[in-house]
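In: sharing a model prediction with you, sequence too.
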Amino acid sequence: MLCPPTAAGSPSVAAEPLALVGARLVDGTGAKPVDDVTVTIEGGRIASVAAGAPAPEGARVLDLEGRTLMPGLVEAHVHMSSLDVPRELEAHGVAKAARDFLAGGITTIRDVGSYGRSLFDLRDAIALGLCDGPRMVLCGQIVAATSAGARTFTTMYRPADGPDEMRRAVREQLAQGADFVKTMVTGALNVVHEGIDPPQLTRKELHAILDEAHRHGFLVAAHAEGVEGIRLAVELGVDTLEHGEQSWRAPEALAAMAERGIVLVPTLCLFPLIEELERLPRWMRERAKALGEEAGRTVRAAKAAGVQMAMGADAGPHGENARELVLLVEAGLSPMEGIVAATSVGARTCALQDELGTVEAGKAADLLVLDGDPLADVRIFTQPERRWLVLKDGLPLAGSAAG
């Protein structure tokens, strides 16, 4: 068995209404916290949110005693698959990752590149209630030009050349059940014989990818690290910009991102991870250090320009992704801005903003209860003992109070 079943063959929701009373609500919108809030959950969804209200008659009552209630976290840039896990065991590896995400307070993940079918199978199993895990938003393979990265990551990339082949590659991902499309506008900092500029895609190739995805109603996430690729991605209208370390060098691109609602996912966790791994070549570690410094400048410049940012750690271990929220705050976001990045903006990157990311009536009851005040110290997100309860569809699935 890969993961413990919650219900055979159908999604699980709480059988009776649940009233969370005495909460300090941080609702994910950026609004000021509200004390003594009652949130009622029925059928896996939030039925009501009211300050000072009594629990509805017949509801099971859980007194939060002033603990912080907020939306479950959204991890907007992760790779659940691992090169360290043999392909024949990958299904077990990603099932463990799913449980680890829940334990970390993460109720939705956006996977930005994977190997094979295992993630699609796990996503569908979770949706059917066959096992526990976060909501999974998947791109399948990354649509990329023939490149050193495509050789390095083999089946994670779907290499293509020319506009027609790019369209075909997009269609292949959508046909296998992808929820969005990911493309490599530039190379990656950690690939041998590959730079972060110039762009790897031509203007016509990127236009074909965007047109094919958008006309079918799917978002496009663009890996773009160097300034030339960032300018191209923003100009042609990607939906999210992944990494974007040198965006601070292109203030006109940041202004356009703010105007058009293009979300930046800075992935700050990635750079120290690479820099500190002594087994990696010196050039890669030095590149990561330099680009990490640029990424910090980009966060500050993006904030000043009014660009929305989402929390995406990129680097493991899975379940410890809230380290990214801490780094965003250290780079210049306020604690509230960091929480918004990890909740409602993250939901936007998944095209799930109408379904989750804020605590309001009608949305899915994907919630996190913290023992403490994250606005006073965001580091409590990274402390397992502070994650008092994690609910998905109103069901307690993780946290010290879940057992």
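Out: Structure received.

In: counting neighbours, what do you get for residue 57?
Out: A count of nearby residues for residue 57, using other C-beta atoms under 10 Å, gives 7. C-beta coordinates here come from the backbone N, C-alpha and C atoms, glycine included.

In: please enumerate the helices of the stretch 201-350 of the chain.
Out: In the stretch 201-350 of the chain, the segments counted as helices under DSSP state H, counting those that start in this stretch are 203-215, 227-236, 251-260, 270-276, 282-305, 323-331, 335-341, 344-349.

In: turn those helices into CSV, including distance to residue 360 and mean neighbour count.
Out: Shown next, in CSV, are those (distance: least, C-beta to C-beta, whole Å; neighbours: other C-beta atoms under 10 Å):
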stretch, distance to residue 360, mean neighbour count
helix 203-215, 28, 19
helix 227-236, 31, 22
helix 251-260, 25, 17
helix 270-276, 33, 19
helix 282-305, 25, 18
helix 323-331, 21, 23
helix 335-341, 14, 24
helix 344-349, 10, 26
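
In: in TSV, list those helices along with mean pLDDT and distance to residue 186.
Out: Listed next are those as TSV, based on pLDDT from 0 to 100; distance: least, C-beta to C-beta, whole Å:
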stretch	mean pLDDT	distance to residue 186
helix 203-215	99	11
helix 227-236	99	4
helix 251-260	99	13
helix 270-276	96	15
helix 282-305	98	12
helix 323-331	99	21
helix 335-341	99	23
helix 344-349	99	19
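
In: and the ones you listed: which comes nearest residue 191?
Out: When the helices of the stretch 201-350 of the chain are compared by C-beta to C-beta, helix 282-305 sits nearest residue 191, at 8.9 Å.

In: quick one: closest of the helices of the stretch 201-350 of the chain to residue 119.
Out: Closest among the helices of the stretch 201-350 of the chain, using C-beta to C-beta: helix 344-349, at 17.1 Å.

In: of the helices of the stretch 201-350 of the chain, which is nearest residue 193?
Out: The nearest among those, by C-beta to C-beta, is helix 282-305 at 11.2 Å.

In: for the residue of the chain positioned farthest from its centre, phi and psi?
Out: Residue farthest from the centre of the chain, counting by C-alpha atoms, centre = their mean, is residue 57 at 37.0 Å. Dihedral pair for residue 57: phi -60, psi 130, per degrees, to the nearest 10.

In: so how far is residue 105 from it?
Out: 31 Å (C-beta to C-beta, to the nearest Å).

In: cool, residue 146 as well?
Out: For residue 146, the distance to residue 105 - C-beta to C-beta - is 40 Å.

In: shaky segments in this protein?
Out: Residue ranges of the chain with pLDDT under 70: 1-15, 83-85.

In: what domains does the record give for it?
Out: Partitioning the chain according to automatic domain parsing yields domains covering residues 18-71+357-398, 73-349.

In: deepest-packed of those, please.
Out: domain 73-349 (a mean of 21; mean count of other C-beta atoms under 10 Å).

In: follow-up on the earlier one: can I get the helices of the stretch 201-350 of the chain in TSV with distance to residue 317?
Out: Shown next, in TSV, are the helices of the stretch 201-350 of the chain (distance: least, C-beta to C-beta, whole Å):
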stretch	distance to residue 317
helix 203-215	31
helix 227-236	29
helix 251-260	30
helix 270-276	10
helix 282-305	18
helix 323-331	10
helix 335-341	20
helix 344-349	19
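
In: so for residue 110, which of those sits nearest?
Out: helix 344-349 (5.9 Å).

In: what packs against the closest one?
Out: Under the contact criterion of 3 or more C-beta pairs under 8 Å, 6 or more residues apart in numbering; DSSP states H and E, helix 344-349 touches strand 73-78, strand 106-111, strand 263-265.
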